[in-house]
Structure formats: structure tokens, C-alpha cells
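Compute the structure for the input listed below.
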Amino acid sequence: MLLDGIETMLVLAQEKTMSKTGSALYISQSAVSKRIANLERHLGKKLIEPKGRYVALTADGLALIRNVGPVFEQLRGQLSEQKNYESTDTILPIDCSETLVAGYFSKVLASCFALDSKIRLSTNHTPRIIENVKSGKAVIGLCAGHLTPHHGLLTFHLFDEPFYVVSASSLKSLPDELITTDLRNNANSYQAGILAGLNITPLMEIDSYSAAVQLALSGATPALAPLSIIRTLKVPTKNFFTFDELQPICRPIYLCVRKNNSRLPRINTVMEAVQTSIEHLRLDSHVI
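Next up, the predicted model:
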């Protein structure tokens, strides 16, 4: 089917290899090749070409993604709303930031699993979570960081998560250099301007808060990390520090859902459980 081919092209554009695309779609590598070949034959255009160990999209392939991709994702999201989520036999997919599962929501999600055996959890970065909820791959998203505008989802701001500086040695003032997460990520890019205004150099940008914290605790440059990571790694209080100048750096935590899905009782039950759990978190003076 043509829709299978378009879906495969969209995944390939992200994964870059046939094998990873097959894994993401739960199909064989040969099935990936067959889907794309069928789409190329139907369109009469070459859509992909080998590029070393990877697969690159041709100009026609990129044009297809650019022109058809948004419409396809919108259609897929609308189709997902037609699923019978009222039935407890239907899988209820939830996509969540890994740090939020570990730092805040493990207990409430576990309680949801106990009540609804068809809940399935995946973890991703915030931009991918938004994409998955929009396309219907997930019905609820729990996101950490600033959201891109015009995403078209119903969002609930849960709380703002503070950041701390983690260091192996005691700090009396802000360091000149910090290990940060990837500042090119849309959810984190705002931090770059704040750090520049404080004359702090992001010495290393690592796509893992856990790795950044472990480096800092091992004696490397201090690291900037959110509270959820500090909680999860059980960082001693003597090794993390707060500074007034860093107050503007915080992660807004959101729950997001397609508007029509939010009205369904089964989905609404999970949403209410998560939102209620936040009231308990607010009792912790670190989370306001």
C-alpha cells in the first residue's frame, strides 16, 4: 500500500538506515526495501540512494517528505481517534521523558498499570513525544522542556522543574564552565542565551543528563542538571548547588493529548491520576 510506503519513508528519514527503520516499524529489512521500491515504482521517481553505511533521500525523496509528511501525520492522528479506546482490550500507549519516569512519575504510572493492563509506556525526547501524540502513536505525552509553538495539542502545565549545578567539590559561586545537555534541542535551546549572559561557557554538550552528572561527580567540570536526575542518581546534597542567577533556567513539565482523546473516560482517568500526583510533588520544597 502507498500509505505503508510513505510511513516507511518518514521513518527512514529519521533513522537513516534500513535496519533501524525495520526495527522501528517491526518489519524486516527486506520489507522496508520492498515498501520503498513499490512507492518509487508508483511515483516513477528515485526516492533514496546509498550513502556509505546510511541511506540518503534524493531531492525527490526530500520533496515527498516535505509535501506529504505533515498531511500524512495529521491523517494518522485523526485515524487514531477512531480507535475504540473505551475498550480495555485496546492498547493505551503513553510516551514520556525518561527522566520524568525515573524522577517523578514511576509510582503513579505503576498504579495506572495495575488498574489498566493494556497501558504501554515508551520513552523519548520531548520533540519526538509531541510528534508521537500528534500522529496517534501515543495518546498521552509527558514532556520535559519548552514546547515548539503551533503543535495543535491540548497541553497541561504541571510544574516547573529547577536546575542545579552538580560538582565534585564545594562551590561558592557560579563556575565559568559547565557541562550541559544538547543546546541544539528545541526544548533546551533557550539555556544558551541565559548562560551566555552569565559568561558561562558550555564546555561539553552531552545528550545525557546522567552522563553529565557522573562526569561532574568524577571531578570533571561541574554540570547543569534538573532535579529529576539528581533525585534518580541520589546525588548527595553536598554535591549540588543552587544560584539565584540560574533561576530562569527551569524545565516546564507538560502533559499533552489530542483534544478529542482527552474527553474519553479511560484516557481521562490516567490524566487525572498524573495531575493528582503533582499535588504530592508540590509538598517537596524543591518542586514549585
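
The protein: helices as residue ranges?
2-15, 18-25, 29-43, 59-80, 98-100, 106-115, 126-135, 190-197, 209-217, 227-232, 265-281 (DSSP state H).

nearest to Y254, of these?
Evaluated over those, closeness to Y254 peaks at helix 126-135, with 8.5 Å, by Cβ to Cβ. The C-beta positions use only the backbone N, C-alpha and C, and glycine is treated the same way.

Tell me how far that closest one lies from the chain's centre.
Centroid separation for helix 126-135 versus its chain: 7 Å, with Cα atoms, centre = their mean, to the nearest Å.

Identify the residues contacting it?
73-74, 76-77, 80, 93, 95-97, 122, 124, 137-145, 147-148, 151-153, 185-187, 256-258 (Cβ atoms under 8 Å, 6 or more residues apart in numbering).

Please pick the buried ones from those residues.
Buried by 16 or more other Cβ atoms under 10 Å: 73, 76-77, 80, 93, 95-97, 124, 137-145, 147, 153, 185, 187, 256-258, out of the contacts of helix 126-135.

can you tell me which of these are in strands?
Secondary structure defined by DSSP state E assigns 93, 95-96, 140-144, 256-257 of these to strands.

and of the residues you listed, the nearest to L217?
When those are compared against L217 (criterion: Cβ to Cβ), the nearest one is A144, at 21.7 Å.

Relative to T276, how far out is the closest residue to that closest one other than its chain neighbours?
Setting aside the residues directly before and after it, A144 is nearest to S97 in space (Cβ to Cβ, 6 or more residues apart in numbering), at 4.1 Å. Using Cβ to Cβ, to the nearest Å, S97 is found at 19 Å from T276.

V71 now?
For V71, the distance to T276 equals 37 Å [Cβ to Cβ].

thinking again about what came up before, columns distance to S167 and pLDDT on top of the ones in strands among the buried ones among the contacts of helix 126-135, output as a markdown table?
Below are these laid out as a markdown table (distance: Cβ to Cβ, whole Å; pLDDT from 0 to 100):
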| residue | distance to S167 | pLDDT |
| --- | --- | --- |
| P93 | 39 | 94 |
| D95 | 33 | 95 |
| C96 | 29 | 95 |
| I140 | 36 | 95 |
| G141 | 33 | 95 |
| L142 | 29 | 95 |
| C143 | 28 | 93 |
| A144 | 23 | 90 |
| C256 | 34 | 95 |
| V257 | 39 | 94 |
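
Contacts for the worst-scoring helix or strand of the chain on mean pLDDT, please.
Lowest by mean pLDDT, DSSP states H and E among the helices and strands of the chain is helix 59-80, with a mean of 81. Under the contact criterion Cβ under 8 Å, 6+ apart, helix 59-80 has outside partners 3, 6-7, 9-10, 13, 43, 45-48, 57, 131, 134-137, 139, 258, 261.

domains for the protein, by residue range?
Listed by automatic domain parsing, the domain ranges of the chain are 2-80, 84-288.

Mind giving me the PyMOL command for buried ones among the contacts of helix 59-80?
To isolate in PyMOL the members of the contacts of helix 59-80 that are buried, counting by 16+ other Cβ under 10 Å, one can use:
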select buried, resi 6+7+9+10+13+47+48+57+131+134+135+136+137+139+258+261
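
And for the closest residue to P50 other than its chain neighbours, the neighbour number?
Spatial nearest neighbour of P50, chain neighbours left out: A56 (7.5 Å); criterion: Cβ to Cβ, 6+ apart. Neighbour count of A56, defined by other Cβ atoms under 10 Å: 14.

The one 3 residues further on too?
Other residues within reach of A59, judged by other Cβ under 10 Å, total 10.
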